[in-house]
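**Q** Here's my sequence, what's the structure:
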Amino acid sequence: MVAAAPHQSLADKQREFMAQLLDEERALPESWTDRHAAGMDIYRNAYRARLVDALRDTYNRTAKWVGEDAYRQAAAHHIITRPPNSWTLDHAADGFPDTLRELFRSNPEVAELGWLEWAMHQAFVAADAEPLDAAGLGEIAAGFAEEDWANMRLTFLPGTDQLPIAHDIGVLWRALGEDSREEDGESPDFSAAEPLHCVVWREGIKPVFMQVKDAEGRALQMMRDGATYGGMCEALIEMLGEEDAVARAGAMLGRWLHNGLIASVSK
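**A** Below is the predicted model:
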């Protein structure tokens with residue numbers, strides 16, 4: 001007597017269906033016929049096409065830069081090798097800049113541009129927070145002693161992010177924001193004369209970015225990682241020398257306040 005196959009719950013069936021959807025090499029259930037297999041092929045292709053289109057909404061400029069065919073191949077590769085595991089399409093594009101870095105090694109600006117688009121998307125959906133301005137810091141710091149300034153730490157707006165970049169992605173971003181490429185077909189000059197950092201945050205409901213020199217980018221990264229203001233100043237002195245570092249530290253703090261990157265301070 002042959003034992004009956006164990007009963008599958010609805011959750012088991014759903015998990016098996018998703019496994020089949022994401023892995024075309026997975027062995028089909030014994031109960032499936034050729035008709036089921038053909039239907040899964042159709043559904044799988046439609047599912048991937050929808051995700052490729054969803055990624056394009058986030059990586060529109062990247063797709064314009066590399067070309068539609070190259071973009072769709074890269075997006076399909078990403079979906080197959082790193083299938084989404086979240087309930088929301090907001091996360092479907094997660095990790096795509098890493099895929100771009102892998103696939104476009106000879107064109108590293110592609111991954112930098114992709115990172116910027118993803119960071120802008122993340123800033124847009126980040127939690128709301130009210131930025132601290134210079135007047136607000138003045139009120140907080142009115143009673144600061146010298147050691148309080150040295151021990152001061154900054155909290156930045158949710159969604160703030162940054163990346164060291166080797167290209168002037170701002171030039172590329174603006175060029176790709178136009179309706180079409182230049183009429184003569186020439187690419188914009190996006191070479192950077194020195195290392196830069198691209199910083200992304202949100203102003204109101206609008207994600208924005210700026211490019212800063214390497215010293216400021218490293219100082220900002222230190223503060224975002226929890227360093228004290230005094231520790232950041234010491235690092236600047238090592239990079240720039242004492243006289244330049246003191247002037248630059250104050251200017252950078254003022255710029256971060258003016259641009260609305262800082263949410264709060266503590267000591």
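**Q** separation between the nearest residue to P188 once chain neighbours are set aside and Y71?
**A** If you skip the residues right next to it in sequence, P188 has A175 as its closest partner in space, 4.2 Å away by Cβ to Cβ, 6 or more residues apart in numbering. C-beta coordinates here come from the backbone N, C-alpha and C atoms, glycine included. Note on A175: its distance to Y71, by Cβ to Cβ, to the nearest Å, is 17 Å.
**Q** Please say which of these two ends up with more neighbours.
**A** When A175 and Y71 are compared on other Cβ atoms under 10 Å, the one with more neighbours turns out to be Y71, at 21 against 17.
**Q** quick one: contacts for that one?
**A** Y71 sits next to R56, Y59, T62, A63 when contact means Cβ atoms under 8 Å, 6 or more residues apart in numbering.
**Q** try 7 Å this time
**A** Y71 makes contacts with R56, T62, A63, as judged by Cβ atoms under 7 Å, 6 or more residues apart in numbering.
**Q** Where does it sit: helix, strand or coil?
**A** Assigned state for Y71: helix (three-state reduction, DSSP: H, G, I helix; E, B strand; the rest coil).
**Q** try the one 5 residues further on
**A** For A76, the reduced secondary structure class is helix; criterion used: three-state DSSP.
**Q** Can you check what pLDDT the model gives it?
**A** Reading off the confidence values, A76 has pLDDT 84.
**Q** And it, how far from P83?
**A** Using Cβ to Cβ, A76 is found at 11 Å from P83.
**Q** Same check on V66?
**A** 22 Å.
**Q** Give me the more crowded residue out of those two.
**A** Looking at V66 and P83 with other Cβ under 10 Å, you find the greater number of neighbours at V66, namely 21 against 15.
**Q** can you pull the contacts of the more buried one?
**A** Counting by Cβ under 7 Å, 6+ apart, V66 makes contact with V110.
**Q** Quick check, pLDDT for it.
**A** So V66 comes in at 95 (pLDDT).
**Q** cool, and the one 5 residues further on?
**A** Here the pLDDT value assigned to Y71 is 93.
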